[in-house]
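my questions are about this predicted structure, shown below with the sequence.
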Amino acid sequence: MRPTGNLHLGNYFGALKNFIRLQDNYDCYFFIADYHMLTTHPNPSDVQQNVKTILCEYLACGLDPEKATIYVQSSVPEVCELYMYLNMITYVGELQRVAAFKEKVRQNPNNVNAGLLTYPTLMAADILLHRATKVPVGKDQQQHLEMTRDFAERFNKLYKTDYFPLPQAFNFEGELVKIPSLDGNGKMSKSYGEQATIYLIDEGNVLKKKIMRAKTDEGPKEKNSTKPVEIENLFSLLKLVSTPQIVQQFEDAYNDCSIRYGDMKKQLLEDMNVFLTPFRERIKELSANDDYLNKVIAMGADKARESAIKTIKDVRSIIGFRA
Ligand code: AMP
């Protein structure tokens, strides 16, 4: 995750919830993507604080540094070397066709830098550096994962090896998920729609305003009608935090046209608050414990570098360089 703000529900349900389950059964590497963050030129004085914020939120969500390797990307500079090797087998055309790149160009036409274009190669390097097989991501990252598989396959073919496994995008529920935003427009995201994005730290009036202002329509006119996207989105969010009985109660009310969106939003607010409270509390506790956070960062860097150095040695030797 890039340290460019707080984690939101999309990050949690798309990625973190799966991290937590994976760490019990697999050798896991989770990192904070501070190199990736540089595509948007953050102020140097904010960088450490941004990293700390995400680390606290990872730990508050249940990532365990004793079970998994949790590290900051820039403490493992070996990834840059792999990124460079991968860039040699990546075509500019395929990078220009990436949906996320095209979207960023639309949003920010004055900062189309090479780092932004080669974002998928750095992401592939992050994954291949530990020869990962499963990568827990949301649906929005599916295309990046397909590219990582292409690069791994291309490398293997070029050098007549099977060194890199072909990694799969992964979600425990089976399908990759896309958590919608509150304004009926696409996915929940920190890049657009602050007011339509629910962060793990949201509380009180901030949370209330976001939920109560979520876009709705005038209500169904015919029984059992198809829901418009903004209403479907509200139901999707309710399903994340409410019981199946409550969801069914509102589904029934929608189907017989008796639904009152105000009531549904109040319920969503109440259940969302119950869901978020423990995260908020743990985040507060952890942010006050710099000693512990520094220990976690140091431990993660050692473990991640061990794995990275091994891969880079192997790759150099496969390419024909001195290992
Ligand atoms: P980002 O915040 O874009 O750096 O994404 C970090 C992780 O969260 C990636 O695995 C994304 O796939 C996931 N993610 C971000 N937004 C969503 C969303 N709205 N729904 C599902 N997963 C998401």
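Thanks, I have the structure now.

which residues touch the residue in the stretch 201-323 of the chain that the ligand sits nearest to?
Nearest to the ligand in the stretch 201-323 of the chain, going by Cβ to the nearest ligand atom, is residue 236, at a distance of 10.1 Å. Yep, even glycine has a C-beta here, placed from its N, CA and C like the rest. Counting by Cβ atoms under 8 Å, 6 or more residues apart in numbering, residue 236 touches 179-180.

could you check how far residue 240 is from residue 106?
Distance of residue 240 to residue 106, given as Cβ to Cβ, to the nearest Å: 29 Å.

for those two, indicate the residue with more neighbours.
Using other Cβ atoms under 10 Å as the criterion, residue 240 and residue 106 rank with residue 240 on top: 18 against 8.

list the buried residues in the helix or strand containing the more buried one.
Element membership for residue 240 (DSSP states H and E) is helix 229-241. Neighbour-count burial for helix 229-241, with 16 or more other Cβ atoms under 10 Å as criterion, is recorded at 230-231, 233-235, 237-238, 240-241.

what's the span of stretch 68-79 from first residue to last?
19 Å (Cα to Cα, to the nearest Å).

now do it: distance to the chain's middle.
Mean-position distance between stretch 68-79 and its chain equals 17 Å (Cα atoms, centre = their mean, to the nearest Å).

residues in contact with that stretch?
So stretch 68-79 is in contact with 19, 22-23, 28-36, 51, 55, 58-59, 63, 122, 125-126, 129, 296-297, 300-301, 303-305, 307-309, 311-312, going by Cβ under 8 Å, 6+ apart.

of those, grab the buried ones for ChimeraX.
In ChimeraX syntax, the buried subset of the contacts of stretch 68-79 is picked out as below (16+ other Cβ under 10 Å):
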select :19,22,23,28,29,30,31,32,33,34,35,36,51,55,58,59,63,122,125,126,129,296,297,300,301,303,304,305,307,308,311,312
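
among the contacts of stretch 68-79, which are in strands?
Of those, the ones assigned to strands by DSSP state E are 29-32.

still on that earlier bit, please save the CA atoms from the helix holding residue 240 in CSV.
The C-alpha trace of helix 229-241 is given here as CSV (Å, rounded to 0.1, in the frame of the first residue of the first chain):
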residue,chain,number,x,y,z
VAL,A,229,-25.9,1.7,-9.0
GLU,A,230,-25.8,4.1,-6.0
ILE,A,231,-28.4,2.0,-4.1
GLU,A,232,-26.6,-1.2,-5.0
ASN,A,233,-23.5,0.4,-3.6
LEU,A,234,-25.2,1.2,-0.3
PHE,A,235,-26.4,-2.4,0.0
SER,A,236,-22.8,-3.6,-0.7
LEU,A,237,-21.5,-1.5,2.2
LEU,A,238,-24.3,-2.7,4.5
LYS,A,239,-23.3,-6.3,3.7
LEU,A,240,-19.8,-5.6,4.8
VAL,A,241,-20.7,-4.6,8.3
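
backbone phi and psi for residue 187, please?
Main-chain dihedrals, residue 187, degrees, to the nearest 10: phi -90, psi 160.

could you find the closest non-adjacent residue to it?
Computed as Cβ to Cβ, 6 or more residues apart in numbering, the closest residue to residue 187 that is not its neighbour in sequence is residue 178, at 5.2 Å.

for the residue of the stretch 101-250 of the chain found nearest the ligand, give its distance to residue 52.
Closest residue of the stretch 101-250 of the chain to the ligand, Cβ to the nearest ligand atom: residue 138 (2.0 Å). Note on residue 138: its distance to residue 52, by Cβ to Cβ, is 24 Å.

same deal with residue 90?
Residue 90 is 33 Å from residue 52, by Cβ to Cβ.

same check on residue 109?
32 Å.

flag every residue of the stretch 1-150 of the chain that's near the ligand.
Residues of the stretch 1-150 of the chain lying close to the ligand by Cβ under 6 Å from any ligand atom are 1-2, 10-11, 14-15, 137-138, 140-141.

neighbour count and distance to residue 69 for these - can I get that in CSV?
Output for these, formatted as CSV (neighbours: other Cβ atoms under 10 Å; distance: Cβ to Cβ, whole Å):
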residue, neighbour count, distance to residue 69
1, 19, 15
2, 19, 19
10, 22, 24
11, 24, 19
14, 23, 21
15, 21, 16
137, 19, 18
138, 21, 22
140, 20, 25
141, 19, 20
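
please consider this matter closed, and thank you.
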